[in-house]
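1. With the input below, show me the fold.
(chains A and B)
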Protein chains: 2
Amino acid sequence: MSYAPNTDIVIVGAGVIGLSIAWRARTRYGPTVTVVDPSPGRGASHAAAGMLTPVSELQYGEESLLRLGIESARRYPEFAAELADAAGLPSGYRACGTIAVALDADDRAVLKDLHTHQTRLGLHSTWLTSRECRRLEPMLSPAITGGLHVEDDHQIDNRRLVAALLAACDRAGVRLVRERVERILVTDERAHGVRLANGRELSADQVVLAAGCRSALIPGLPPEVVPAVRPIKGEILRLKVPPAMLPLLSRNVRGVVKGGSMYLVPRADGELVIGATEYELGHDTRVTAGGVYELLRDAHELVPGITELPLLETLAGLRPGSPDNAPILGRSALAGLVVATGHYRHGILLTPITADTVAEVLAGGTTPDLIVPFGPDRFAPAARKVMA
Amino acid sequence: MSYAPNTDIVIVGAGVIGLSIAWRARTRYGPTVTVVDPSPGRGASHAAAGMLTPVSELQYGEESLLRLGIESARRYPEFAAELADAAGLPSGYRACGTIAVALDADDRAVLKDLHTHQTRLGLHSTWLTSRECRRLEPMLSPAITGGLHVEDDHQIDNRRLVAALLAACDRAGVRLVRERVERILVTDERAHGVRLANGRELSADQVVLAAGCRSALIPGLPPEVVPAVRPIKGEILRLKVPPAMLPLLSRNVRGVVKGGSMYLVPRADGELVIGATEYELGHDTRVTAGGVYELLRDAHELVPGITELPLLETLAGLRPGSPDNAPILGRSALAGLVVATGHYRHGILLTPITADTVAEVLAGGTTPDLIVPFGPDRFAPAARKVMA
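-> As a prediction, this is how the structure comes out:
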């Protein structure tokens, strides 16, 4: 392998965030771009389910994040089509809608509150009786007490998305270096490249830190610009619906089951993704017996027919969590360093908007309004201390 | 690869049965032996749990099978030691005892009946209160209603057993051919070899059919000597107990949980095997969501602490079931053909006795009394018709 010692932009991390920024920056603005990752696309991007559901997953007090999610979802069809075209591969986008269902009366109250909140914000969401839920999705359990239908919340097959981004980057001339970044190089209060585990150095005008939950672990940065991300483990299952049982489900199913939340995401090809647990256990990606048990138990409560399906895969990934659960996007206080991490459970959803806005920042533009609330400086050391 | 066209004995199937017969025949009596299997040791022998528990798993009306199992268990320590010596590898034998526990009152009644039956047959088994169960195994759930302790029921790590048998066979000069048998060759009412999928033929004085549940699928035999075996799928889980939690369990735990039966088998190295489901679905080795769910649910009822353990592997194997659940052993009605299959759930337990007795048959001896009840001719066509 050989590559030039200099590149305009070096991106640390080849998940959907790093790759989409690379592709957008390269094709829109023309700089040379190098992405460094020992295992491209194999972190949280690989373990995700690919729900594009900003309305169904609305949380109180996160309206600016909602706006970002909705705008990213709005851009998705065009982004996915353009990507598929550029890659010569399907990008896995599926406009299928989402149904959120409640198991018991308490779960129903949770969804009713969500529906009220959605309606107050002018979001499109329809309340359904149990019978109406089952008319949309006949395989739902008769025990379902009600739900809501969000027609504009869709999905993308995250593994196809990764494959398409890798191919599109390659075709666009983005260089991919399969190595670990050992250190970010900083001199005279400016980030100017990275040192790889093999000892090589790559110098660059700008460094993008997009290494997910590992973004806080890479040495070299002054402490005040290290992004405050931590790993939040999630386990998912991949099942296979045999052709004779298709379609088991026709849209995403979010379930509120005895206070907990989970989802079933049916792919067009028959794969069914079930997720996800949440644990804060550090950088541990082992699948636990308890996590698998809970997912199967809750999925079985919602869709009893899943018991017959082959279980193809159990796996765990680490989401990058930030102190306020929102992403960390834009120029940092350190010259030459741009940050794009902390996407927590929303990395796949926020891929188009992250790619568009961060590429614009890298091209020297002003920070787009949409991402101003998510700047890297909002967790000042003083603020962090208060939270600790 | 090259091998002589002639061999004294050709064995179809390199599971624990085929390999142990090969090893015993070769080392005790000296014939040339060839074992043929496209994936040695990867069938039911790989998916087993390795419980050596004839007393704990006693069934009504199977006293001759009980005698066979107890005799095989009695031979195990010497067999395992001799094998480890011959292979230069550990054979995985562990003398740990077994505790069988009941979850609810009905389950307790089932175990009480078993205990009465064991006692009547003169078997060594001790009834335990819930508290006594937990004194032996502190990680058992307080919900356990009682159980029994069988000190002489042990275990062997079936994967180490396979590895040791392969090594011992190799050292003894047994030839292993990694090919599929396409046909058993029969001429003039005598089996005289096999044809491989690659077109080669291997001629032999005697053919041993030890291909587990696939023994009924190999063409060439007259219908009346095709062994009446069918696949009975079993799913198991392999978990890992972290060093800090060792020993989670010190002995085999059989559980009777709301009428169903399952087990947890703790290896000395921290692996914990949980099994097993039973389905009759043909030659299908896909792990199902429902099977994994049930195993985790029941295991969690018995030993709540398992939820924290990493889940290493889920897999399914196909046991060879016979019409009366007992093995099919010995000379068939076809000259030159010896059968050793149909071991159902007891293949690992019955390995030493099968190897000893079938090797004796192959050497030209009379059929040992112990296996006379299990002869291939007991399912005459008329008898089969009545059962169908």
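2. pull the CA atoms of the helix or strand encompassing residue A:300 into CSV?
-> Assigned by DSSP states H and E, residue A:300 belongs to helix A:289-302. Only the C-alpha atoms of helix A:289-302 are listed here, as CSV (Å, rounded to 0.1, in the frame of the first residue of the first chain):
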residue,chain,number,x,y,z
ALA,A,289,-27.5,-14.3,28.0
GLY,A,290,-29.8,-11.9,29.7
GLY,A,291,-29.8,-9.4,26.9
VAL,A,292,-30.8,-12.0,24.3
TYR,A,293,-33.4,-13.4,26.7
GLU,A,294,-35.1,-10.0,27.2
LEU,A,295,-35.2,-9.2,23.5
LEU,A,296,-36.7,-12.6,22.7
ARG,A,297,-39.1,-12.4,25.5
ASP,A,298,-40.4,-8.9,24.6
ALA,A,299,-40.4,-9.6,20.9
HIS,A,300,-42.4,-12.8,21.6
GLU,A,301,-44.9,-10.8,23.6
LEU,A,302,-45.5,-8.5,20.7
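3. which other residues reach it?
-> A:101, A:103, A:140-141, A:143-144, A:235-237, A:253, A:255, A:257, A:260, A:262, A:264, A:274-277, A:279, A:306-307, A:314, A:316, B:237, B:239, B:289-290, B:292-293, B:296-297, B:299-300, B:306-311 (C-beta atoms under 8 Å, 6 or more residues apart in numbering or on different chains). Where C-beta positions appear, they are placed from N, C-alpha and C, glycine not excepted.
4. Would you tell me what the next helix or strand after that helix is?
-> Remark: after helix A:289-302, the chain's next helix or strand is strand A:311-321, criterion DSSP H and E.
5. mind listing what that following strand pairs with, with the direction of each?
-> Its sheet considered, strand A:311-321 pairs with strand A:230-240 (antiparallel) by DSSP bridges.
6. Just the buried residues of stretch A:203-212, please?
-> For stretch A:203-212, burial by neighbour count (16 or more other C-beta atoms under 10 Å in any protein chain shown) applies to A:204, A:205, A:206, A:207, A:208, A:209, A:210, A:211, A:212.
7. SS state for the third one?
-> Read it as residue A:206. Three-state call for residue A:206 (DSSP: H, G, I helix; E, B strand; the rest coil): strand.
8. okay but it is in contact with residue A:8, surely?
-> Yes - counting by C-beta atoms under 8 Å, residue A:206 sits close enough to residue A:8 to count as a contact (7.0 Å).
9. Quick one: end-to-end length of stretch A:360-377, please.
-> Using C-alpha to C-alpha, to the nearest Å, the end-to-end distance of stretch A:360-377 comes out at 19 Å.
10. buried residues in it?
-> A:360, A:361, A:362, A:367, A:370, A:371, A:373, A:374, A:375, A:376.
11. Mind listing residues that contact that stretch?
-> By C-beta under 8 Å, 6+ apart, stretch A:360-377 touches A:9, A:21, A:25, A:28-29, A:31, A:64, A:67-68, A:71, A:206, A:208, A:225, A:227, A:326-333, A:338-339, A:353, A:356-358.
12. Give me the buried subset of these.
-> The neighbour count (16+ other C-beta under 10 Å) marks A:9, A:21, A:25, A:29, A:31, A:67-68, A:71, A:206, A:208, A:225, A:227, A:326-332, A:338-339, A:353, A:356-358 as buried among the contacts of stretch A:360-377.
13. number of nearby residues for residue A:102?
-> Per other C-beta atoms under 10 Å in any protein chain shown, the neighbour tally for residue A:102 reads 25.
14. all helices for chain A, in order.
-> All helices of chain A, identified by DSSP state H, fall at A:16-29, A:44-47, A:63-87, A:105-120, A:130-136, A:158-172, A:289-302, A:351-362, A:381-387.
15. So for the one residue sitting closest to the centre of chain A, what's the pLDDT?
-> The residue lying closest to the centre of chain A (C-alpha atoms, centre = their mean) is residue A:347, at 1.9 Å. What the model reports as pLDDT for residue A:347 is 98.
16. wait, what's in contact with it?
-> Residue A:347 is in contact with A:15, A:16, A:17, A:44, A:45, A:48, A:212, A:319, A:320, counting by C-beta under 8 Å, 6+ apart.
17. swap in residue A:27?
-> Shown in contact with residue A:27 (C-beta under 8 Å, 6+ apart): A:86, A:172.
18. One more: residue A:46?
-> Residue A:46 neighbours (C-beta under 8 Å, 6+ apart): A:158, A:159, A:162, A:315, A:317.
19. The first one contacts residue A:15, correct?
-> No - using C-beta under 8 Å as the test, residue A:158 is too far from residue A:15 to be in contact (9.8 Å).
20. higher neighbour count, these two?
-> residue A:15 (32 against 25).
21. Can you give me the neighbour number for residue A:139?
-> Neighbours of residue A:139 using other C-beta under 10 Å come to 18.
22. One more: residue A:74?
-> Residues near residue A:74, counting by other C-beta under 10 Å, number 14.
23. how many neighbours does residue A:219 have?
-> 10.
24. my bad, should have said residue A:265
-> Using other C-beta under 10 Å: residue A:265 sits among 28 other residues.
25. Give me the distance between it and chain B.
-> Here the criterion is C-beta to the nearest C-beta, to the nearest Å. By it, residue A:265 lies 15 Å from chain B.
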